[in-house]
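> Sequence and predicted structure below; questions after.
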Amino acid sequence: MARRTREEAAKTREKLLSVATELFSKKGVDGVTLVEIGKEAGFTKGALYRHFGGKPGLLKELMDYGAEKVDLLEESCLSGSGDPMERLRKMVMEEMNVCEGHQELQRILAVFLDRRSLAEDQGILLSIESLRDRTIGRIRAVLEEAKDLGRISCEVDLTVAAETLRLLIFGLMERKLYSSYPYSLPSQAEPVLELFFRGLRP
């Protein structure tokens with residue numbers, strides 16, 4: 001019986017997160033109430049408080065879910081001993097493909113790209129900054145490998161290069177989210193990525 005209760009609680013939590021993500025991405029965080037989320041999901045406002053403790057807890061849960069997906073993808077693509085520049089290329093293209101084909105992650109991204117609604121919640125901002133720092137650290141480590149192999153000019157500041165690549169990734173994703181016409185992330189990313197890598201060469 002306890003197991004069934006845990007399973008039901010997990011399903012309720014998943015349903016609430018899914019509905020909240022969809023509503024937040026359409027109306028913005030400030031434009032959605034807990035009552036609205038509960039009603040749309042078929043639960044009471046109390047269920048949201050039991051599972052998340054309120055809107056900040058719900059947003060933190062969404063952030064953690066998205067961050068876990070990003071961490072796993074980046075670590076999977078960047079680990080190993082192959083060509084460092086190809087590992088970076090693989091990471092970017094994998095992120096483009098995931099964003100292209102995964103509507104729920106697109107919605108989560110839309111929520112966290114609009115930081116106006118999140119600016120007052122220090123915990124969420126720290127989570128976003130922590131994910132940013134982890135991504136930059138991973139990219140920088142691979143760029144350092146490439147530099148040691150003579151693939152990158154000794155004049156390149158690796159921290160700036162890592163931050164630039166991260167900004168390119170999120171810029172492309174944002175363009176996808178807010179484009180008024182069909183926009184293929186993988187095909188748009190290829191020439192941008194090539195231009196970035198060309199600028200690093202000795």
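Ah, there it is.

> Now do the same for whichever strand or helix holds Glu22: mean pLDDT, whole number.
Element membership for Glu22, per DSSP states H and E: helix 2-27. The pLDDT scores in helix 2-27 average 80.

> next one: stretch 105-114
77.

> Report the distance from it to the chain centre.
Taking the mean of its C-alpha atoms, stretch 105-114 sits 8 Å from the chain's own mean (Cα atoms, centre = their mean, to the nearest Å).

> returning to that earlier point: which elements pack onto the helix holding Glu22?
Judged by 3 or more Cβ pairs under 8 Å, 6 or more residues apart in numbering; DSSP states H and E, the packing partners of helix 2-27 are helix 34-41, helix 45-52, helix 55-78, helix 103-113. Backbone N, C-alpha and C define where each C-beta goes, glycine included.

> nearest to Ile136, of the ones you listed?
Smallest distance to Ile136 across those (Cβ to Cβ): 10.7 Å, for helix 55-78.

> And the contacts of whichever helix or strand comes after that closest one?
Per DSSP H and E, helix 55-78 leads on to helix 84-101 as the next helix or strand towards the C-terminus. Contacts with helix 84-101, where a contact means Cβ atoms under 8 Å, 6 or more residues apart in numbering, come from 69-70, 73-74, 77-78, 80, 105-106, 109, 139, 142-143, 145-146, 149, 151, 165, 168-169, 172-173, 176, 184-186, 189-190, 193, 197.

> are any of those residues buried, and which?
Buried members of those, scored by 16 or more other Cβ atoms under 10 Å, are 69-70, 74, 77-78, 105-106, 109, 139, 142-143, 145-146, 151, 165, 168-169, 172-173, 176, 185, 189, 193, 197.

> tell me the domain ranges of this protein?
For the chain, automatic domain parsing gives the domain ranges 1-53, 56-200.

> if you average pLDDT over each of these, which comes out lowest?
Ranked by mean pLDDT, the domains of the chain bottom out at domain 1-53, which scores a mean of 82.

> how close does the residue nearest to Arg201 when sequence neighbours are not counted sit to Pro191?
Leaving aside its sequence neighbours, Arg201 sits nearest to Ser153 (Cβ to Cβ, 6 or more residues apart in numbering; 6.5 Å). Remark: distance between Ser153 and Pro191 (Cβ to Cβ, to the nearest Å) = 21 Å.

> Give me the more crowded residue out of these two.
Legend: neighbour count by other Cβ atoms under 10 Å for Ser153 and Pro191, higher for Ser153 (12 against 9).

> Helix, strand, or coil at that one?
Classification of Ser153 using DSSP: H, G, I helix; E, B strand; the rest coil returns coil.

> check contacts around it.
Applying Cβ under 8 Å, 6+ apart, the residues near Ser153 are 200-202.

> Filter the residues you listed down to the ones in strands?
Per DSSP state E, strands hold no members of those.

> which among these end up buried?
Leu200.

> Name the nearest of the contacts of Ser153 relative to Lys11.
Once Cβ to Cβ is applied, the member of these that ends up nearest Lys11 is Leu200, at 47.1 Å.
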